[in-house]
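Asks: Coordinates for the following, if possible.
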Amino acid sequence: MADLFASDTPPAPKGTAPRPLADQLRPQALSEVIGQEQVLGSEAPLGVMLGAGSLSSLIFWGPPGVGKTTIARLLADETDLHFVQISAIFTGVPDLKKVFEAARLRRQNGQGTLLFVDEIHRFNKAQQDSFLPHMEDGTILLVGATTENPSFELNAAVLSRAQVLVLERLSLADLERLTQRAEKQLARALPLDGPAREALLEMADGDGRALLNLIEQVAAWRVEGKLNTEALSKRLMKRAAKYDKGGEEHYNLISALHKSVRGSDPDAALYWMARMLTGGEDPRYLARRIIRMAVEDIGLADPQAQTVCLHAWETYERLGSPEGELALAQAVTYLALAPKSNAGYAAYKAAMQAARKSGSEPPPKHILNAPTKMMKEQGYGAGYAYDHDAEDAFSGQNYFPETMQRGSYYQPVERGFERELKKRLEYFARLRAQRS
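Replies: This next block holds a predicted model:
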């Protein structure tokens, strides 16, 4: 793709405020958009739709500053639709009614409307439902933009009538191309050496609009020669990483941490933990999730793993931040390198399934207590074999309901301490077979 923003816009008239660089470089055609090849390419969804002359309603899902608004505007130009932009933050039901009525009149006069709704996930269910009849009868072609997962935030009815397209954060190569376009527009190079230039791109964190704002600041400096990374860092604050403790990014990062531990990669696990902490995550939440990892993915392959995690949590509570996070980091490292087994987790789920299926089947009478005469007369406790009196302290009796086939839920792995538990399980299975 070419550049994210166009460069042939005429200068602002005298006496007006200077236009922001992002506005000066706004693309004039889809072919000038940087990145998003997975959406805009000739064989990609939008490329195919435009090639066929049939554009459907769309939902753009992606982080800020990747071109959602720009692409929507250019789609309207490509398809000769009237472009209307609203924000769900500032638009109420009366405003929507006016928008729909204007689109209806426009349609009667032979022109369609592309309605771009920014932050569409902020509309409630009733407001989202109000779009449906106008989408169905062709009054509007809806293009929504959201930074949140549409499957969580948008109504199923809206999603069924629109195609979700994922826009990705801009790569360093994309950002470099955008920087070159900005330098051409400014008619001068940025006063940065190579490492400082790369540091500037990293500060943008994949956000093209944020990068152009940073470039404007750097271009305004009066400096001799080129600044290095240290000088740049003193003059610019690093952009905070995108992280919403209650949103999609939160669940993405904890998933990445958990799967890195499960995959026995301590370096990746520590990285994702650090990402969450630098984003402002509560260390106590991490402590709880770390214990869950020990239970779910290590289990009895290393019974000490749970103890390590509990002690790490206790250490954090005693030390507080930031020293206490080190204990949590050590627990994560231990879990990543521990032998893995989900046999206990799988056994528990299998037992729960069997319990739901078997309903209210009573225990066999020989393992029921008989504290009263009547219960003894009913056979409670009759024939119970006290295991400590049996050979090898094992009677081999049946402990499942009498009408139920014996279950086999726990299947230990040949790793860690469960290797020993597997030997014990097989040993008791042989004895049970002999004494049945």
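
Asks: Show me where the chain has its strands.
Replies: Counting by DSSP state E, the chain has strands at residues 58-61, 82-87, 113-118, 141-146, 163-166.

Asks: Residue 412: what's it in contact with?
Replies: Taking Cβ atoms under 8 Å, 6 or more residues apart in numbering as the definition of contact, the neighbours of residue 412 are 300, 341, 343, 418, 419, 421, 422, 425. All C-beta spots, glycine's among them, are computed from the backbone N, C-alpha and C.

Asks: before we move on, back to that, mean pLDDT added to the strands of the chain, as TSV?
Replies: As requested, the strands of the chain are arranged in TSV below (pLDDT from 0 to 100):
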stretch	mean pLDDT
strand 58-61	95
strand 82-87	95
strand 113-118	96
strand 141-146	95
strand 163-166	94
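
Asks: nearest to residue 185, of the ones you listed?
Replies: Closest approach to residue 185 among the strands of the chain (Cβ to Cβ): strand 82-87, 24.2 Å.

Asks: what's the domain layout of this protein?
Replies: Residue ranges for the structural domains of the chain, counted by automatic domain parsing, are given in the record as 36-166, 172-235, 248-337, 359-435.

Asks: Just send those back as JSON lines, with distance to residue 19 too.
Replies: Rendered in JSON lines, the data for the domains of the chain read as follows (distance: least, Cβ to Cβ, whole Å):
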{"stretch": "domain 36-166", "distance to residue 19": "15"}
{"stretch": "domain 172-235", "distance to residue 19": "11"}
{"stretch": "domain 248-337", "distance to residue 19": "32"}
{"stretch": "domain 359-435", "distance to residue 19": "63"}
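
Asks: Out of these, which gets nearest to residue 21?
Replies: When these are compared for distance to residue 21 using Cβ to Cβ, the nearest one is domain 172-235, at 4.8 Å.

Asks: I figured residue 162 hits residue 146, correct?
Replies: No - in terms of Cβ atoms under 8 Å, residue 162 does not count as a neighbour of residue 146; the distance is 11.2 Å.

Asks: Now do the shared contacts for these two.
Replies: Common contacts of residue 162 and residue 146, defined by Cβ under 8 Å, 6+ apart, comprise residue 59.

Asks: can the contacts of residue 412 go into CSV with extra columns for pLDDT, distance to residue 399 and neighbour count?
Replies: As requested, the contacts of residue 412 are arranged in CSV below (pLDDT from 0 to 100; distance: Cβ to Cβ, whole Å; neighbours: other Cβ atoms under 10 Å):
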residue, pLDDT, distance to residue 399, neighbour count
300, 95, 20, 21
341, 96, 24, 25
343, 95, 20, 20
418, 93, 22, 25
419, 93, 25, 14
421, 93, 19, 20
422, 93, 20, 17
425, 92, 15, 15
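
Asks: Pick the one among these closest to residue 171.
Replies: residue 341 (38.9 Å).

Asks: check contacts around the closest one.
Replies: Counting by Cβ under 8 Å, 6+ apart, residue 341 touches 297, 298, 299, 300, 301, 412, 413, 415, 416, 418.
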